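Asks: below is the sequence, then the predicted model.
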Amino acid sequence: MKTPRPAARLEPLEQLRNLKMARSAHAYVRGSTVQFYEWLQSQSGRRLPSGPPVWICGDCHAGNLGPTGDSKGRIDIHIRDLDQTVIGNPVHDLVRLGLSLATAARGSDLPGVATARMLEEMMVGYEQAFKNDHDEEPQRPAQVKAGMRSAVQRTWKHLAQERIEDMRPTIPLGKHFWALSKTERSAIKTLCATDEIHDLVTSLKGRSGSDNVELLDSAYWVKGCSSLGLKRYAVLLGVGDDDDQELCLLDIKEAVAAAAPRTVRAGMPRDNGKRVVEGARHLSPGLGNRMLATRMLDHGFFIRELLPQDMKLELDQLSETEAMRAASYLASVVGTAHARQMDLSTRAAWIRELQTNRSNTLDAPSWLWSSVVHLVGSHEQGYLEHCRRYALQN
């Protein structure tokens with residue numbers, strides 16, 4: 001496949017993003033973050049309760065949760081994509097997750113009552129996270145267990161086949177990887193020679209701080225959906241001696257200003273790369289401690305080594321029971337990330353707030369139900385219009 005010149009990337013990336021969003025209503029929800037933020041600024045969005053200011057994901061759809069590994073080799077389910085993280089209202093993560101789960105239910109052709117039950121179970125899981133001893137693991141649903149089993153069994157070979165298509169120490173250009181400009185290649189070479197990169201990649205279990213780190217190859221990475229069009233690079237490093245060299249794949253992603261609403265006068269880093277890393281360390285410490293913020297090419301970036309265990313959680317073709325269990329579990333993951341930032345009195349006050357405004361027919365806050373219903377409708381309309389505008393042209 002002929003890849004576009006670096007100066008001509010924007011148009012094909014925009015086309016690719018539009019086509020990805022046209023694949024399904026759930027894909028549209030994942031890619032249309034701006035529509036969600038615009039709703040939050042509307043009259044309906046401003047009527048949401050105001051929770052205690054904490055670091056939130058900011059784009060808390062189900063695809064942004066999944067198995068991640070930490071520097072010690074441990075694996076668990078965490079928030080795994082934090083481009084939009086800010087100190088903000090935790091309600092925004094709940095509504096975004098509710099919209100994502102409701103859209104997944106529609107994609108699985110579940111009846112409308114299943115969505116109501118999912119929101120109820122979502123609140124059960126979220127609130128339980130504030131009461132649990134965090135050494136106690138919540139019960140994982142079947143699809144999450146399957147994702148965890150896959151993550152535990154994955155090796156560099158799996159990552160190489162998935163990300164770079166082979167085991168050779170090169171990144172083959174084609175559909176997923178495009179050529180770099182001379183300026184980009186030079187900037188990446190300079191970055192990878194720094195002590196910060198050396199310390200990052202040698203900090204993982206089984207590596208030594210004295211290991212040699214060698215740049216093997218690099219490319220522009222065509223990855224993601226809503227972030228397509230930003231600067232993103234895949235960098236292949238060799239760690240250790242030539243006789244026993246371990247391969248390492250870095251994801252270097254441009255950090256831009258978050259569109260997610262933030263708490264007024266919140267104390268956050270001004271540099272967007274540092275904001276993403278700081279948010280990750282609060283919400284998903286095992287992942288955040290494997291990340292680094294830097295500046296390159298006059299832009300802010302955040303960097304992490306991709307481990308074989310870092311996977312997106314797919315919720316395809318759920319049964320009603322599976323959907324309810326997944327809603328409860330994923331909300332408990334988000335709840336744990338929020339709760340660890342609150343003291344006991346703040347947690348108790350927040351749970352009391354969440355337990356108000358419930359009807360006799362739905363054991364979930366009325367604001368959550370009405371918000372999700374409104375958002376599902378507007379996103380379905382937006383999805384159909386998006387398909388008319390973009391999918392019919394191809």
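Replies: The structure has been received and is ready for your questions. Nothing here was measured: the structure is a model prediction, and the numbers come from that model.

Asks: OK, contacts around the one residue sitting closest to the centre of the chain?
Replies: In the chain, the residue lying closest to the centroid (C-alpha atoms, centre = their mean) is residue 81, at 2.2 Å. Counting by C-beta atoms under 8 Å, 6 or more residues apart in numbering, residue 81 makes contact with 57, 59, 63-64. (Glycine included, C-beta is placed from N, CA and C.)

Asks: just checking, residue 256 touches residue 273?
Replies: No. Using C-beta atoms under 8 Å, residue 256 is not in contact with residue 273, being 9.7 Å away.

Asks: quick check: neighbours shared by these two?
Replies: Contacts common to residue 256 and residue 273, judged by C-beta under 8 Å, 6+ apart, are residue 300.

Asks: ok, the two, which is more surrounded?
Replies: residue 273 (23 against 16; other C-beta atoms under 10 Å).

Asks: roughly how far apart are that one and residue 125?
Replies: 32 Å (C-beta to C-beta, to the nearest Å).

Asks: now do the buried residues in stretch 300-309.
Replies: Residues of stretch 300-309 classed as buried by neighbour count (16 or more other C-beta atoms under 10 Å): 300-309.

Asks: which one of those residues is nearest to residue 9?
Replies: Residue 9 has its nearest neighbour among those in residue 301, at 16.7 Å by C-beta to C-beta.

Asks: helix, strand or coil for that closest one?
Replies: Here residue 301 is recorded as strand under DSSP: H, G, I helix; E, B strand; the rest coil.

Asks: per-domain residue ranges of this structure.
Replies: As assigned by automatic domain parsing, the chain contains the domains 6-153+312-393, 165-306.

Asks: which stretch in these is the model least sure about?
Replies: Of all the domains of the chain, mean pLDDT reaches its minimum on domain 6-153+312-393 (a mean of 86).

Asks: where's residue 218, which helix or strand?
Replies: Taking DSSP states H and E as the criterion, residue 218 maps to strand 213-221.

Asks: so which elements touch the very next helix or strand once past that strand?
Replies: Next in sequence after strand 213-221, counting helices and strands by DSSP H and E, comes strand 232-239. If you count contacts as 3 or more C-beta pairs under 8 Å, 6 or more residues apart in numbering; DSSP states H and E, strand 232-239 packs onto helix 182-192, helix 195-202, strand 213-221, strand 246-254.

Asks: out of these, flag the one nearest residue 35.
Replies: Short answer: strand 246-254, nearest of the helices and strands packed on strand 232-239 by C-beta to C-beta, at 21.8 Å.

Asks: fine by me, we can end here.
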